[in-house]
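S.K.: Build the 3D model from these lines:
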Amino acid sequence: MNLRTKILYSIGVTACACLSFSMVGMAESTTDIPAFGPANIPADYDEDTYGPARMMVWDKPVPRVTFSHKVHTMDAGLECDSCHDDLFVMEAGAVAEKGDFTMQSFADGNYCGACHDGDTAFSTSSNEKCAACHTAPDLIVFTKPVKAVIFDHKIHVDQMGFTCGDCHSNLFKMHIGDAETDPDAFVMEALYQGKYCGACHDGEQAFASDTRCTTCHIGVMGFDRLVGHGEKKKEGH
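M.R.: Model (predicted):
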C-alpha cells in the first residue's frame with residue numbers, strides 16, 4: 001500500500017475517532033483525552049513504535065484541535081520520521097508556542113498541510129472535514145452580554161445537517177468566546193439585522209430570534225443548574 005493510499009484510508013478512521021469527543025463550551029480544556037476507549041486499545045499497540053496512545057490536543061491558537069498518532073502510524077502505516085522532525089519538533093507543545101500553527105500556514109504546506117493538501121489527504125480547508133480535527137463542544141454557553149444563552153452544536157449538525165462552514169467563520173469565528181469579546185455588538189438588535197444567529201433565525205429559515213426566547217435564554221437560574229450551583233444555593237436558604 002503506497003503512502004497516498006495509506007493516508008486516504010486513515011481519513012474515515014480519523015473522523016470517527018475525533019467526533020467521539022465532546023464537552024461543554026465553558027469547561028476547561030484538557031490534554032488527557034484517550035485516542036480510543038480502554039476496551040479498544042489494541043494488544044499490540046506499542047507507544048515506542050506508534051507514538052503516544054493518548055490524543056494530542058492543541059489549545060493554541062484555537063482550542064480543542066486533536067491529532068491521533070495511532071490513526072497515522074498503526075492504521076495508515078506512517079513512520080515517526082514521516083513527520084518528525086521535518087514537520088513537527090518531537091516535543092509536545094513546541095509548535096503551538098511558535099505562533100504560526102494556523103490554518104493559513106497549513107494552506108501554505110506547513111505542518112499538517114504538508115499532506116492534507118486535497119491530494120495526498122483531505123485538505124485542511126475542507127468545510128466538510130473540520131470535525132476530523134476540531135472537536136466542537138456539544139453545548140456553547142454565552143454569559144455576555146447577558147447570562148446565560150446556549151447554543152447546541154448537536155442539534156444544528158446532527159439533526160439539521162449543517163456543516164462547520166455554514167457558520168464558521170462568516171458568522172462566528174471558530175474560537176469559543178470570540179463573540180463575547182464585543183458585548184456591545186453581540187446583542188439581539190444585531191440578530192434582528194441578520195447577524196450571528198439571526199442569519200438563519202429570521203422567521204423563514206428557522207424560528208425568528210425575537211420568538212421562543214427560552215429556547216436559547218436559560219437565565220441565571222438555568223446557568224446555575226447547568227453548572228451544578230443550584231443545589232448549593234438551595235442549601236444556603
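S.K.: Look at the closest residue to C115 other than its chain neighbours and tell me its secondary structure.
M.R.: Once flanking residues are discounted, C115 sits nearest to A121: 4.9 Å by Cβ to Cβ, 6 or more residues apart in numbering. C-beta coordinates here come from the backbone N, C-alpha and C atoms, glycine included. Secondary structure, DSSP: H, G, I helix; E, B strand; the rest coil: A121 is coil.
S.K.: Report the separation between A121 and D86.
M.R.: Counting by Cβ to Cβ, to the nearest Å, the gap from A121 to D86 is 17 Å.
S.K.: Looking at those two, which is more packed in?
M.R.: A121 (25 against 9; other Cβ atoms under 10 Å).
S.K.: care to break this structure down by domain?
M.R.: Residue ranges for the domains of the chain, per automatic domain parsing: 3-132, 139-233.
S.K.: Reformat these as TSV; add mean pLDDT.
M.R.: Below are the domains of the chain laid out as TSV (pLDDT from 0 to 100):
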stretch	mean pLDDT
domain 3-132	75
domain 139-233	92
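S.K.: for the protein, what spans make up the helices?
M.R.: With DSSP state H, the ranges of helices along the chain come out as 3-19, 47-50, 69-70, 103-107, 153-154, 188-192, 219-227, 230-236.
S.K.: Touching, C112 and F106? I think so.
M.R.: Yes. Counting by Cβ atoms under 8 Å, C112 touches F106, with 5.3 Å between them.
S.K.: Spell out which residues are contacts of both of those two.
M.R.: T124 (Cβ atoms under 8 Å, 6 or more residues apart in numbering).
S.K.: if you go through the chain in chain order, where are the strands?
M.R.: Taking DSSP state E as the test, the strands found in the chain are 56-58, 65-67, 139-142, 149-152.
S.K.: how about those, which one is nearest M90?
M.R.: strand 56-58 (11.7 Å; Cβ to Cβ).
S.K.: on that earlier part again, can you lay out the strands of the chain as a markdown table showing mean neighbour count?
M.R.: Listed next are those as a markdown table, based on neighbours: other Cβ atoms under 10 Å:
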| stretch | mean neighbour count |
| --- | --- |
| strand 56-58 | 18 |
| strand 65-67 | 19 |
| strand 139-142 | 20 |
| strand 149-152 | 18 |
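S.K.: Please identify which of these is closest to E180.
M.R.: strand 139-142 (5.9 Å).
S.K.: from the middle of its chain, how far away would the closest one be?
M.R.: 13 Å (Cα atoms, centre = their mean, to the nearest Å).
S.K.: What of stretch 169-184?
M.R.: Using Cα atoms, centre = their mean, the offset of stretch 169-184 from its chain centre is 15 Å.
S.K.: Thought A114 was touching the residue nearest to C115, still the case?
M.R.: No. Using Cβ under 8 Å, A121 makes no contact with A114, being 9.7 Å away.
S.K.: Show me the one of the strands of the chain that comes nearest A96.
M.R.: Across the strands of the chain, closest to A96 is strand 56-58 (Cβ to Cβ), at 5.3 Å.
S.K.: Tell me which strands that closest one pairs with, and in which orientation.
M.R.: strand 65-67 (antiparallel) (DSSP bridges).
S.K.: ok so, going back, mind checking which of the strands of the chain is nearest D100?
M.R.: strand 56-58 (12.8 Å).
S.K.: roughly how far apart are C197 and D166?
M.R.: C197 is 12 Å from D166, by Cβ to Cβ.
S.K.: I misspoke; the intended subject was R64.
M.R.: 19 Å.
S.K.: neighbours of the closest residue in space to D210 that isn't next to it in sequence, just the number please.
M.R.: In space, D210 comes closest to Y192 once its chain neighbours are excluded; the distance is 6.6 Å by Cβ to Cβ, 6+ apart. Counted with other Cβ under 10 Å, the neighbours of Y192 add up to 14.
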